[in-house]
Every structure is written in structure tokens, then in C-alpha cells.
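Visitor: Predicted model, plus sequence, below.
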Amino acid sequence: MTAMCDVAFLLLTFFILTTQFKKPDVEQIKPPSSISEKLLPDASLMTINATADGKFYFQPVENASERLQLLDNMGKKYGVTFDNKEKAAFQKVQAIGVPMNQLKSYLDLPDDAQKNFKSPTGIPMDSTNKQLVDWVKESLAVNPDYKLAIKGDVTTEYPKVKSLFEGLRDIDFLKFWLITSQEGKPNE
Amino acid sequence: MAEVQVQEKGAKGGKVRSKKQSTRVDMTPMVDLGFLLITFFMFTTTFSKPNVMDLGLPAKPKDETKKPPPTEIKLSNSISLLLGKDNKIFWHQQDNTSLTDQNLNETTYDREGIRKVIEQAKASAADKSKFTVIIKPTDDAVYKNFVDILDEMAITKSEQYGVTDLKPWEKAIYDKKVGNSGAAAAPATK
């Protein structure tokens, strides 16, 4: 009994320490199922979420100092400067779903408001305004080893996805992952 | 395990009588809780990782002159899949002159539908090593269709496939076909 308890609590400690809780998604996205059994690797990953109604969210890598560089680069590109409070907010942000000109006011929102903020537009991604691709491009400029995963909803319209793929081809970023769910477990 | 020696003072006089009373703490609830937590953490760690599928896009030719010459794929060696609206899928092995709305066949995404079609086309291909599947998602298709068909490529082990846009002549037939079969036929304006 004693030995078993010791082992059990050792395991418990191990699992508690190694668990990383999934952060809540900004919007509910139900990825399509596939037979692929490959799991999402642990590499420094940025994620693009495409919601059912075709809005894009960009989730930068976790690394806080690299996020800062990314924000700086994007700010320079679009002529926006951020103060320290906004920079701190950007380091904690889960996913961005606003165009650059609204990013500043989004980062100024208090934490709870940010979590519940549902962007009416998402990040613009069309033939004239490719901010989403710029996010990817600037992230790669910070660290070329970043990997990209795309999480689309079952009902995302294909033209939206196509414009994203075309944009990624334009910047020669050709290898990425599509997040799917295991076949037969469509809700996971 | 944890044993606590409790000293009890006797009631009689100053005589200290230590009663041998072993107070073993009942650990069962704690252990129960421990195992419950283990189970919880074990499940959460394994399930939080989503599955992924690889996707590599072809590089865009930067220069028009460096473009590789258009590769001609024999009709019998290829099959075109049109991903339509409302989870419909159409296939054909025709070119722009011979395609009509009769030989644009509709099938389904399940095992009996598209998988058989691809396997049959593969089996009857003149040169199996060059058998190519051309995937043409229409603007009415949804992301799920695209992933489903990539999945189908993995299942049927069709390693040569390409994703491209509909040709105008295909689109005309597709519109006609969808307009005929669907009650609420909206003209494709996208």
C-alpha cells in the first residue's frame, strides 16, 4: 500500500507539472476530421484560426521576447507605435483578430474585455490587404524556424482558405500543417 | 505510515498511564483523490494535442520565363474531382470538348463513393505510375471538403495530386449541373 501510494503520488506530481492547459479559444472552431494520426509537434508554433464565417485570427508564438520583436516589426510596417503597457498586453494576448489600425485600441482593453472581444472583421486577408500574411512574414523575420499550423472550421468557405494559401505561396512559405481531429471523434 | 502517539492522562491521581492506542490515519480518501487526479491529468495531457496533416504547396514561379513547360497529363491517366456546394463531389475524365453534364458524374465523400471512383480510375489508368488526381474546389466548397479529399488521397495512396481552380468550361457545366439538381439554384456570382 505504501509503495503504491508513493508511486501514485509521484506520477501525480509528474502529470501536474508537465500538463499545459489549453487556452480557451477566442471563437469556437471545429476542425474537420481526418485519418492522420500525426500529432501537432511541440516546435515554436504560430497558428492561424479560420472561423466558420471566414474571419482570421493569428496566434503568435509563445516566446515573449520574440513577440515583442514581432510587434515592433509590425508596428514599423504599419506606422503604429505601442507603449509599454500595450507591449505587455501583447505578450499575454491569446490571439489577434483585429486589423493593425485597431490593434492599439484592442490592446488597451482590460484583460476580461480582451478575452470576450469577438472581432467583427478578423485580420484582413484579401488581394489588396494582406495583413495576415504580413504577420506570418514578420514572425519568420524574427525567427525563420517558426512553424505554422492552420486551424479551419468545417464550414469555412474554400475561397477564404484559398486566398490564405495563395498569400503564403507569395511569401514562399510552403510547408505547414492543417489541424484536424481524429476520425470518429469530431468534437475533440 | 503516519502514526501518532497520543498520550492520555489518566484520571486517577498523578499516575500517568499511557494507553497503547494506535491512531492510524485512514488514508483511503486521500489515495482515492490522488488517483482521480492522476486519471484527470493523464487524460488531459494526451487529448489536448490536436492531430495535424502535412500540406506542402508548390512554389510560385517568380518569373514567367522560368515557368516549367505545362505538363500534359493524359486524360486516361488522370481524374478531375470537382468539390461542389452542399458537400457534393463531381468527377470526370474528359477534356473541354467532350465534357457534358451527362458525363460529369456526381458521387459522395464516403467510402463507397469517391474512394471507389479513384481506385477504379487508378486501376484503369494507362500508366499507373503517372496517375494524377486533379482536385478542383469550386468557390462553393467548404474547408471540410478540401481536408476530406486530401484524406482520400492519403487513403488511396495517390501521391500525385494537384489542387487547382476550375477551368471556365468546367465551371459552366458545373453550374448547369448544380442548377439542375438543386432546387434553390443560385447562380455562382463569386
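Guide: Looks like it arrived, so ask away.
Visitor: Which strand or helix spans the spatially most central residue of chain B?
Guide: Here the mean C-alpha position of chain B is nearest to the C-alpha of residue B:147 (Cα atoms, centre = their mean), at a distance of 5.1 Å. In this assignment (DSSP states H and E), residue B:147 forms part of helix B:143-155.
Visitor: now the helix or strand that that helix is followed by, how far from the chain's geometric center?
Guide: As assigned by DSSP H and E, the chain's next helix or strand after helix B:143-155 is strand B:161-163. Remark: strand B:161-163 is offset 17 Å from the chain centroid, using Cα atoms, centre = their mean, to the nearest Å.
Visitor: again with stretch A:113-128
Guide: In terms of Cα atoms, centre = their mean, the centre of stretch A:113-128 is set 13 Å apart from its chain centre.
Visitor: Is it positioned near chain B?
Guide: No: interface with chain B: stretch A:113-128 contributes nothing (Cβ under 8 Å from any Cβ of the partner chain), its closest point being 12.9 Å away. For the C-beta atoms, the positions are set from N, CA and C on the backbone; glycine is no exception.
Visitor: In that stretch, which residues are buried?
Guide: For stretch A:113-128, a neighbour-count test (16 or more other Cβ atoms under 10 Å in any protein chain shown) marks A:114, A:119, A:122-125 as buried.
Visitor: For chain B, which residue gets nearest to chain A?
Guide: Nearest residue of chain B to chain A: residue B:41, at 3.3 Å (Cβ to the nearest Cβ).
Visitor: Skipping its backbone neighbours, what lies nearest that residue in space?
Guide: Distances taken as Cβ to Cβ, 6 or more residues apart in numbering or on different chains place residue A:15 nearest to residue B:41, at 3.3 Å, with adjacent residues excluded.
Visitor: and that neighbour, what does it touch?
Guide: By Cβ atoms under 8 Å, 6 or more residues apart in numbering or on different chains, the contact set of residue A:15 is B:37-38, B:41-42, B:45.
Visitor: can you tell me which of the residues you listed are in helices?
Guide: B:37-38, B:41-42, B:45 (DSSP state H).
Visitor: that older thread, so the residue nearest to the centre of chain B touches residue A:177, yeah?
Guide: No: using Cβ atoms under 8 Å, residue B:147 is not in contact with residue A:177, being 11.7 Å away.
Visitor: what's the overlap in contacts for those two?
Guide: Common contacts of residue B:147 and residue A:177, defined by Cβ under 8 Å, 6+ apart, comprise residue B:53.
Visitor: ok, and the nearest residue in space to residue A:125 that is not next to it in sequence, which helix or strand is that part of?
Guide: Among residues not flanking residue A:125 along the chain, residue A:132 sits closest, at 4.1 Å (Cβ to Cβ, 6+ apart). Assigned by DSSP H and E, residue A:132 falls within helix A:131-142.
Visitor: what lines up beside the next helix or strand after that helix in the sheet?
Guide: Per DSSP H and E, the first helix or strand lying C-terminal to helix A:131-142 is strand A:147-152. Partners of strand A:147-152 in the sheet, by DSSP bridges, are strand A:45-50 (parallel), strand A:175-182 (parallel).
Visitor: angle of strand A:147-152 against helix B:143-155?
Guide: Strand A:147-152 and helix B:143-155 meet at an angle of 120 degrees, taking axes from the mean of the first three to the mean of the last three Cα atoms, to 10 degrees as the criterion.
Visitor: From the chain's centre, how far out is strand A:147-152? Work that out for me.
Guide: Mean C-alpha position of strand A:147-152 versus that of the full chain (Cα atoms, centre = their mean) differs by 8 Å.
Visitor: likewise stretch A:9-24?
Guide: Averaging C-alpha positions (Cα atoms, centre = their mean) puts stretch A:9-24 22 Å from its chain's average.
Visitor: One more: stretch A:110-130?
Guide: Worked out by Cα atoms, centre = their mean, stretch A:110-130 lies 12 Å from the chain centre.
Visitor: From start to finish, how long is it in a straight line?
Guide: End-to-end distance for stretch A:110-130: 28 Å, by Cα to Cα, to the nearest Å.
Visitor: Show me what it is in contact with.
Guide: Residues outside stretch A:110-130 that contact it (Cβ under 8 Å, 6+ apart): A:24, A:26-27, A:51, A:54-58, A:89, A:92-94, A:96-99, A:106-107, A:109, A:131-133, A:135, A:160, A:163-164, A:167, A:170.
Visitor: For residue A:78, which residues are in contact?
Guide: Shown in contact with residue A:78 (Cβ under 8 Å, 6+ apart): A:100-101, A:131.
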